[in-house]
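sequence plus the predicted model coming up.
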Amino acid sequence: MNPIDKILTLLSLACALGQAGIASPAMSAVYSKVQGSPPSTQSVEAQHHYYKGVNGIERGDYRRAIEEFDRAIKLNPNLVEAYCNRGLARIGQGDYQKAIADFDRALQLDPSHVDAYNRRGNARAELGNLPQAIADFTRAIKVDPQFTDAYYNRGLAYTEAGNLQGAIADYDYAIKLAPTLAEAYGNRGFVRYRLGDKPGGISDLKQAAELFLNQGNMTGYQQTLTYIELIEHTPQTR
């Protein structure tokens, strides 16, 4: 693996983790579906533990988050978002198999849950199962054709699988949907470089650096400048 490929791999991993967001609970999953009936004490308590779990994820305390989601699920076994976010916490711990099991359960309860497809795809990609990861991202896109994260993450998976043209197409669409997604410009720049378009690659990386700077992400900005300098001084290879 040459230095550029190593950078691409590291940046792709960081971006994939950065794209994982916290889903909000569907109120129909928390409260009684009987119109006009007040929520039960058990449902309210489940929601309370759910939000404590969300807070744990936001603080990076994945163990505590999982414990709270466990309590929420015990009180309300049909709380879809508790499974989905427990899976996210397990990704944070690197426990990808258990994360996949949580996303599987979320999808049993809600077969159109785009976040569950997207996150399961991320977990499968981390395990090296790129075909199934790509299939999950594609399912998410089928459910929601405007789901930026799924295009972006499928672009990462295509890149790792060697389908560079497919990756370019997905990064293009992610940028169309989210013109300030710096990571998409950065990864598209690396793919363009690998395809032999050094000027195009550098142009994308410069755009990524500018966006990182405008967003106050100084780490991303400095890293991207380093990547630009490395590419500028690396002989073009295919």
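That came through fine. These numbers were taken from a predicted model, which means no experiment stands behind them.

all contacts plus neighbour counts: C-alpha atoms, from now on.
Will do.

near D204, how many other residues are there?
When neighbours are counted by other Cα atoms under 10 Å, D204 registers 25.

how close does the nearest residue to it once chain neighbours are set aside get to Q165?
Leaving aside its sequence neighbours, D204 sits nearest to G189 (Cα to Cα, 6 or more residues apart in numbering; 4.7 Å). G189 sits 13 Å away from Q165, going by Cα to Cα, to the nearest Å.

quick one, which of those two is more surrounded?
G189 (28 against 15).

following the one helix or strand in the chain whose mean pLDDT sits lowest in sequence, what is the next regular element?
For the chain, using mean pLDDT, DSSP states H and E, the weakest element among its helices and strands is helix 27-30, scoring a mean of 30. Heading C-terminal from helix 27-30, the first helix or strand you meet, by DSSP states H and E, is helix 41-58.

helices or strands next to that following helix in the packing?
The criterion is 3 or more Cα pairs under 8 Å, 6 or more residues apart in numbering; DSSP states H and E, and the helices and strands that helix 41-58 contacts are helix 27-30, helix 62-75, helix 80-93.

include distance to Y185 and mean neighbour count when you put these into TSV, please.
Below are the helices and strands packed on helix 41-58 laid out as TSV (distance: least, Cα to Cα, whole Å; neighbours: other Cα atoms under 10 Å):
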stretch	distance to Y185	mean neighbour count
helix 27-30	36	16
helix 62-75	30	21
helix 80-93	25	27
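
now distance to R154 too, for those helices, in JSON lines please.
Converted to JSON lines, those look like this (distance: least, Cα to Cα, whole Å):
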{"stretch": "helix 27-30", "distance to R154": "29"}
{"stretch": "helix 62-75", "distance to R154": "26"}
{"stretch": "helix 80-93", "distance to R154": "17"}
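
out of those helices, flag the one nearest N217.
With Cα to Cα as the criterion, N217 lies closest to helix 80-93 of these, at 21.0 Å.

other SSEs contacting the closest one?
Looks like helix 80-93 contacts helix 41-58, helix 62-75, helix 96-109, helix 114-126 (3+ Cα pairs under 8 Å, 6+ apart).
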